[in-house]
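Colleague: sequence and predicted model, in that order:
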Amino acid sequence: MAKKRVVVLGSTGSIGTQTLDVVRQHADKLEVVALAVGTRTDELLAQAREFGVRHLAVGREEAAGLPVADELLAQARGGEGSGSGSLAFGPEGVAALAHLPEADVVVNALVGAAGLRASFEALSAGKVLALANKESLVVGGDLIMPLAARVDEQRRVRGAAPKAGPAGALMPIDSEHGAIYQCLLGEDEREVSRLWVTASGGPFRGRKRAELEGITPAQALAHPTWNMGAKISIDSSTLMNKGLEVIEAHHLFAMPYDKIEVVVQPQSAIHSMVEYSDGSVKAHLGTTDMRIPIQFALSYPERWSAPVAPLDFRTLGSLEFAAPDTETFRCLALAREAGRTGGTLPCAMNAANEVAVAAFLAEEGTYLGIAACVEAVMEAHAAEGVQQVESLGQLEEVDAWARAKARAWVKAR
């Protein structure tokens, strides 16, 4: 069987590096054909040399003037000046890798709203999209899901889809959505009564608002069960991450919001659950390691040997469950409100959150100010009029407007 040829966008981040680890463990089944990063050019060069990759891109255009750019160009040319590879700088160059003829799967591990265009380009090119970028669906789900349905149909027509189950054009790289995806396999989705999205509760589980005054970035980054990047770690601590996942689940599984619930499961052993009309519940359990959902997204419909040690139920101990505290962690409720309203409001909400989180990490804003900033921008956007989603250009305009509003709000505090 031919190897699956993979493009990894965001290859030096948490998901990207773990994707490459999966490739190392299954080098007989996977081949990396392109890599893209935001700024870490030295790490990109090391990865390109290890995996023999000759199509490279760097999101930061100024990186073209760095000394390492010459080494990257030599790597792209294969050291012989043949020109058969490619090297690009800027967001457009990153997104263009999704169109490579030799690519089968595009892993989108880009952080933030920048990943939306890459997802759009990957599906427009008919590629399988292994999606770790939350904003693609949160901001652009109304555009991305119809594209995914079209690629699914193309895969069925040419015999590339599995004989049973989803056609696999859009594979979620996320412990929660990967879990739900697997719990739905072989089932009639009309018989689903609820999706249960699990949350660890983050590092401040059990605290009240008064106890969150003066929280530092270091405290918020100390996630109790998952090893993640800085932005997603902060989102996890505020429960914004769960809010984004609720919106994603709505789009991915065509599920109304009143059938999507969040439950706190501190051990992070249950990655999510699906409840059916007869009262039965399917739960997906496993080790808290992102290489498991990454591998399934790449191996589907097959299952390959485990990339990590499996969960030992004899030593797991207890499993706890609790309702999320949306009074203290208001971002979850705000995201739900944005999702239910729909249109361009999730885009404005997401942009404001990115700005507020960045300000907090830079110690220019407060922890509780994250939710306050998001709420203020959502209210301002609603006052101007929420629009129906029509294009990437429109979403980019709303994103820029919301970021400007959020920056002004932070500066005024």
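Modeller: That came through fine.
Colleague: and the strands in the protein?
Modeller: Assigned by DSSP state E, the chain shows strands spanning 4-9, 30-37, 55-58, 86-89, 105-108, 128-131, 170-172, 192-199, 260-264, 270-276, 281-285.
Colleague: quick check, distance from the fourth one to the centre of its chain.
Modeller: Relative to the mean C-alpha coordinate of its chain, strand 86-89 is positioned 24 Å out (Cα atoms, centre = their mean, to the nearest Å).
Colleague: hmm, who's touching that strand?
Modeller: 54-61, 63-64, 69, 72-73, 75-76, 94, 96-97 (Cβ atoms under 8 Å, 6 or more residues apart in numbering). Bear in mind the C-beta positions are built from the backbone N, C-alpha and C, glycine included.
Colleague: repeat that for the shortest one.
Modeller: With contact meaning Cβ under 8 Å, 6+ apart, strand 170-172 is reached by 123, 128-131, 144-145, 148, 151-152, 178, 181, 248, 252, 293, 296-298, 300.
Colleague: go on, the fifth one?
Modeller: Contact with strand 105-108 is made by 4-10, 15-16, 19, 97-98, 115, 118-119, 122, 127-133, 136, 173, 294, 297-298, as judged by Cβ under 8 Å, 6+ apart.
Colleague: got a list of what Gly13 touches?
Modeller: 109, 111, 229.
Colleague: make a PyMOL selection of the buried ones in these.
Modeller: Buried residues among those (16 or more other Cβ atoms under 10 Å), as a PyMOL selection:
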select buried, resi 109+111+229
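Colleague: closest to Ala322 out of the contacts of Gly13?
Modeller: Of all the contacts of Gly13, Gly229 has the smallest distance to Ala322: 26.0 Å, by Cβ to Cβ.
Colleague: my read is that Asp152 contacts Ala160, right?
Modeller: No: using Cβ atoms under 8 Å, Asp152 is not in contact with Ala160; the gap is 9.9 Å.
Colleague: what sits in contact with each of those two?
Modeller: In contact with both Asp152 and Ala160: Ala167, using Cβ under 8 Å, 6+ apart.
Colleague: and the two? Which one has more around it.
Modeller: For Asp152 versus Ala160, neighbours defined as other Cβ atoms under 10 Å are more numerous around Asp152 (19 against 16).
Colleague: list the residues that contact the more buried one.
Modeller: Counting by Cβ under 8 Å, 6+ apart, Asp152 has contacts 161, 166-170.
Colleague: tabulate those (JSON lines), appending pLDDT.
Modeller: Output for those, formatted as JSON lines (pLDDT from 0 to 100):
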{"residue": "Ala161", "pLDDT": "94"}
{"residue": "Pro166", "pLDDT": "95"}
{"residue": "Ala167", "pLDDT": "96"}
{"residue": "Gly168", "pLDDT": "96"}
{"residue": "Ala169", "pLDDT": "97"}
{"residue": "Leu170", "pLDDT": "98"}
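Colleague: by neighbours, which of those wins?
Modeller: That'd be Leu170 among the contacts of Asp152, by other Cβ under 10 Å, with 26 neighbours.
Colleague: what bridges to that residue?
Modeller: Beta-bridge partners for Leu170, by DSSP bridges, are Leu129.
Colleague: what about it, distance to Gly85?
Modeller: As for Leu170, its distance to Gly85 is 28 Å (criterion: Cβ to Cβ, to the nearest Å).
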